[in-house]
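Asker: just a sequence and a predicted model for now, questions to come.
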Amino acid sequence: MSARIRQIVEADRADWVRMRDALWPGSLSDHEAETLKHFAVPQPTMLVFVAEADGRSVGFLELGYRPYAEGCQSSPVPFIEGWFVDPAFQTRGIGRALVEAAEESARADGYTEMASDVLIDNDVSIAAHGALGYEEVERLACFRKSLIGGSARREGHRNGKQALPASLRTVIGYDPGGDGAHGLAVLRFQGSTVIEVTTRTLPTADAVLSEIGLTDNLAAIGIDSLTCWSTGRCGWRPADRWLRERFKDVSNSVTSPNSLYGSMCLNGMGVLIGARQKFRQLPVTETHPKVLYRHLAQTKYAYATAKPQMDAFLASTLGATISVANEHEWDAAISAFAALCGINGAWKRDLHLLPTAAGEQLIKPCGETQYFWPDASHQ
């Protein structure tokens, strides 16, 4: 009996919960909450494929996008976070079909490799991966020590394949608002899920740079500042012209670069140069929170008069509880989200790749950067 492989829909949720609990037992309430969240607030970093047979879902594969995977050369990397077929339907090629569907999706999106992991003693899963062409690249021993007197514990992991979850990674969002108004957001994520987002207002750009330098597992920075300059008329860059043309009702928010001054230009670039000195290959994306909010929310940015609505939109977009004190922290948080969507491949458009006009070129003081932007489907 063959099975139909497709992306999951909300009608599959009950079967998804059932199969998740079979794969990762003991966390039914977590499975309920996570699957509800998946449909209520779609995550840009997770695809779920299901195998349908006999009018129900009998297998699933969760595909995430990790900034790093052992043995891989590219980043981000499509990663098999969970893979399961009901026992009654195993040995019929359904597991292979799920993996091949995920591989085809990743290949169509421009990815060149895919990764997975498995417990060292899971011989069945190791053999299944090998049969599908996956090569073993590394073996790890993971350790834990309780610092509060408890004994070490093993935790279930997505994929049912390794004892510990993937390491938390961090994305920084930064809004250079000037002295006493530097918005900083720290977004921590695991696999395809935003775990927490915290924001603060710092006094100086130096304080921001110090925080970046102390950040563990830093995956990217999103910044509301110019990350490159233009030699053309008025300093206009292709990205600026593109935004002004497509969002005419908020085009005044896209200001001529030559008219910008203060922290937006100096502190923003200074922090980026300093960050790149410490993290030479760190992905950086420029952001424009005001126009981005207009694009995603389909309404104008008005934090002074619409704080509750904008805060609620931010929490819904992030899929996490968040408390922001001012618009600088809000802008930093949405900048972190933009960076996450960029490095995980959810947003593929890069405005810095738009062609320059005759008689202009882009100058890049801090090296190559991106300007990730959602396409029309992310409205």
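Answerer: Received, thanks.

Asker: only C-alpha atoms for contact and neighbour calcs from this point on.
Answerer: Fine.

Asker: does anything pack onto the helix-or-strand element of the chain with minimal mean pLDDT? Which helices or strands?
Answerer: In the chain, no helix or strand scores lower on mean pLDDT, DSSP states H and E than helix 28-40, which sits at a mean of 86. Counting contacts by 3 or more Cα pairs under 8 Å, 6 or more residues apart in numbering; DSSP states H and E, helix 28-40 packs against helix 13-23.

Asker: now the helix it packs on - C-alpha only, CSV.
Answerer: Extracted C-alpha coordinates of helix 13-23, given in CSV (Å, rounded to 0.1, in the frame of the first residue of the first chain):
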residue,chain,number,x,y,z
ARG,A,13,-3.1,17.7,14.3
ALA,A,14,-4.7,14.9,16.3
ASP,A,15,-2.7,12.3,14.4
TRP,A,16,0.5,14.4,14.7
VAL,A,17,0.1,14.6,18.5
ARG,A,18,-0.5,10.9,18.7
MET,A,19,2.6,10.1,16.6
ARG,A,20,4.8,12.6,18.4
ASP,A,21,3.8,11.0,21.7
ALA,A,22,4.8,7.6,20.3
LEU,A,23,8.1,9.0,19.2
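
Asker: so for that helix, mean pLDDT?
Answerer: Here helix 13-23 scores 94 as its mean pLDDT.

Asker: ok so, going back, in the least confident helix or strand of the chain, what's buried?
Answerer: 31, 32, 35, 38 (16 or more other Cα atoms under 10 Å).

Asker: go ahead and list the helix or strand containing residue 304.
Answerer: helix 303-318 (DSSP states H and E).

Asker: so what's the gap between the least confident helix or strand of the chain and the chain middle?
Answerer: Offset of helix 28-40 from its chain centre (Cα atoms, centre = their mean, to the nearest Å): 19 Å.

Asker: neighbours of residue 170, just the number please.
Answerer: Close neighbours of residue 170, defined as other Cα atoms under 10 Å, add up to 24.

Asker: circling back to that earlier point, for the buried residues of helix 28-40, which one is nearest residue 223?
Answerer: For those, the residue nearest residue 223 by Cα to Cα is residue 38; the value is 27.2 Å.

Asker: direction included, what does whichever helix or strand comes after the least confident helix or strand of the chain pair against?
Answerer: Using DSSP H and E, the helix or strand that follows helix 28-40 in sequence is strand 46-53. Paired with strand 46-53 in the same sheet, following DSSP bridges, are strand 4-7 (antiparallel), strand 56-66 (antiparallel).

Asker: how about a markdown table for the ones you listed, with mean neighbour count and mean pLDDT added?
Answerer: Below are the strands paired with strand 46-53 laid out as a markdown table (neighbours: other Cα atoms under 10 Å; pLDDT from 0 to 100):
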| stretch | mean neighbour count | mean pLDDT |
| --- | --- | --- |
| strand 4-7 | 16 | 94 |
| strand 56-66 | 24 | 92 |
